[in-house]
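1. Just need the structure, nothing else, for what follows:
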Amino acid sequence: MVNKCVRALGLSSGGLDSILAALILKNQGIDVTWITFKTPFFSPTSAILASKQNNIPIRVEEITDIYMEMLKNPPAGYGKNMNPCMDCHTLMFAQAGAIMEREGFDFLFSGEVAGQRPMSQTKNSMNYVANNSGFKGHILRPLSARLFPETPMEQEGLVDREKLLNISGRSRKAQITLAKEMGVTQYPAPGGGCLLTDKGFSKKLRDLMVVQKNYDTRDLYLLSHGRHLRLTPDTRIVVGRTQAENQEISKLYDPSKDIKLRHARLAGPLTIIPGGGSEEIVRLAASICAGYTKADPVLPTQVLVQFQKKEEIVTVPVLKPVDLKNIVSYL
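-> Predicted coordinates for the structure are as follows:
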């Protein structure tokens with residue numbers, strides 16, 4: 001190793017592989033910092049927790065705007081759903097690389113394992129990410145490094161290659177054994193984390209991008225909560241399914257432009273019309289909102305409508321979910 005303070009910036013999901021990759025380098029005396037990214041599709045929560053548990057500093061970067069530009073037409077395409085895994089990793093390394101150059105880090109690293117994921121962690125896809133991120137030669141994957149040619153960091157003595165690993169495949173046995181040896185006892189279960197791999201979420205996102213076209217970041221966060229029903233090409237409603245969802249929808253509700261509905265007397269869902277709607281749309285949304293309560297479907301019922309600082313009670317027929325098949329599109 002060269003006699004200098006070596007600084008490495010690592011992409012972290014907060015999972016076991018990210019933790020082990022950072023500790024392998026830290027045990028070589030390398031000054032390790034993590035970076036994690038935030039969008040409506042994945043959260044920095046696990047990475048922030050791992051940072052606290054393992055005493056590794058972390059920075060969180062919000063990348064929703066540039067991520068959406070990539071997501072509209074990812075060069076390597078999508079996975080099974082709306083997940084652009086290869087271009088997602090490419091974008092993250094590109095963002096991290098810009099910070100590396102700006103702030104004087106020596107190289108980038110990640111917890112990726114060759115062959116662990118069929119789309120994004122094959123050798124070919126990992127090479128694709130390195131080549132297209134603009135930082136080929138600056139990326140180290142400590143858990144699988146000895147399966148790849150030596151990087152400039154190893155050749156220059158910034159990293160001891162003999163202390164890097166050659167893990168491959170989907171088995172977790174090697175990582176779990178290493179975690180025990182390193183005293184790592186707290187880490188999340190593998191898998192999950194990205195909503196873009198979920199079929200239902202992807203359907204809602206595709207509708208927003210293709211049918212509605214005009215949306216903002218708040219609309220993207222709303223996709224994680226409630227039933228989404230499209231009433232017209234320009235209008236959808238969000239209907240809470242649980243009290244917890246009602247609370248999350250309420251946090252994202254914008255009283256300056258959204259319309260909020262609840263049954264005037266009965267317990268039931270919070271419903272919002274993002275961006276508002278015509279009187280006809282409001283009455284239809286009120287009927288749908290009432291349909292998810294215990295209101296008598298035979299009799300008209302009352303729904304409270306709120307817009308900006310105004311409140312109004314409207315009397316509408318009750319539309320039960322079974323009645324909606326020819327009226328709305330379920331998302």
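2. Quick check, residue 303 in contact with residue 289.
-> Yes - using CB atoms under 8 Å, residue 303 and residue 289 qualify as a contacting pair, with a distance of 5.7 Å. (Each C-beta comes from the backbone N, C-alpha and C, glycine too.)
3. if I look at the two, which residues touch both of them?
-> Between them, residue 303 and residue 289 share the neighbouring residues 261, 262, 263, with contact defined by CB atoms under 8 Å, 6 or more residues apart in numbering.
4. The last one and residue 272, how far apart?
-> Right, the one you point to is residue 263. Plainly put, residue 263 is 14 Å away from residue 272 if you go by CB to CB, to the nearest Å.
5. Comparing the two, which residue is more hemmed in?
-> residue 272 (28 against 22; other CB atoms under 10 Å).
6. quick one: contacts of whichever helix in the chain runs longest?
-> When secondary structure is assigned using DSSP state H, the longest helix within the chain turns out to be helix 85-103. Residues external to helix 85-103 that are found in contact with it (CB under 8 Å, 6+ apart): 9, 11, 35, 37, 59, 61, 63, 66-67, 70, 74-76, 79, 105-108, 110, 112, 117, 119-120, 125, 128-130, 132-135, 138-139.
7. Just the mean pLDDT for that helix, thanks.
-> Averaged over helix 85-103, pLDDT sits at 97.
8. follow-up on the earlier one: so which of the shared contacts of residue 303 and residue 289 belong to strands?
-> Using DSSP state E, the subset of those located in strands is 261, 262, 263.
9. Point to the residue nearest the middle of this protein.
-> Closest residue to the average C-alpha location of the chain: residue 42 at 1.7 Å, with CA atoms, centre = their mean.
10. which stretches of the stretch 51-200 of the chain have low pLDDT?
-> Along the stretch 51-200 of the chain, segments meeting pLDDT under 70 span 118-120, 192.
11. Tell me which stretches of it form strands.
-> 58-62, 107-109, 139-140 (DSSP state E, counting those that start in this stretch).
12. just checking, which of the ones you listed sits deepest inside the structure?
-> When the strands of the stretch 51-200 of the chain are scored by mean count of other CB atoms under 10 Å, the highest mean neighbour count falls to strand 107-109 (a mean of 26).
13. partners of that strand in the sheet?
-> Based on DSSP bridges, the pairing partners of strand 107-109 within the sheet are strand 7-11 (parallel), strand 139-140 (parallel).
14. So what touches the first one?
-> Residues lying outside strand 7-11 but in contact with it, judged by CB under 8 Å, 6+ apart, are 18, 21-22, 25, 30-36, 92-93, 96, 99-100, 103-111, 140.
15. export the helix or strand just after it as CSV, just CAs?
-> Note on strand 7-11: by DSSP states H and E, the next helix or strand toward the C-terminus is helix 16-26. Extracted C-alpha coordinates of helix 16-26, given in CSV (Å, rounded to 0.1, in the frame of the first residue of the first chain):
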residue,chain,number,x,y,z
LEU,A,16,-25.0,-7.1,3.9
ASP,A,17,-23.0,-6.9,0.7
SER,A,18,-22.6,-3.1,1.0
ILE,A,19,-21.6,-3.5,4.6
LEU,A,20,-19.0,-6.2,3.9
ALA,A,21,-17.5,-4.3,1.0
ALA,A,22,-17.0,-1.2,3.1
LEU,A,23,-15.5,-3.1,6.0
ILE,A,24,-13.0,-5.0,3.8
LEU,A,25,-11.6,-1.7,2.6
LYS,A,26,-11.8,-0.1,6.0
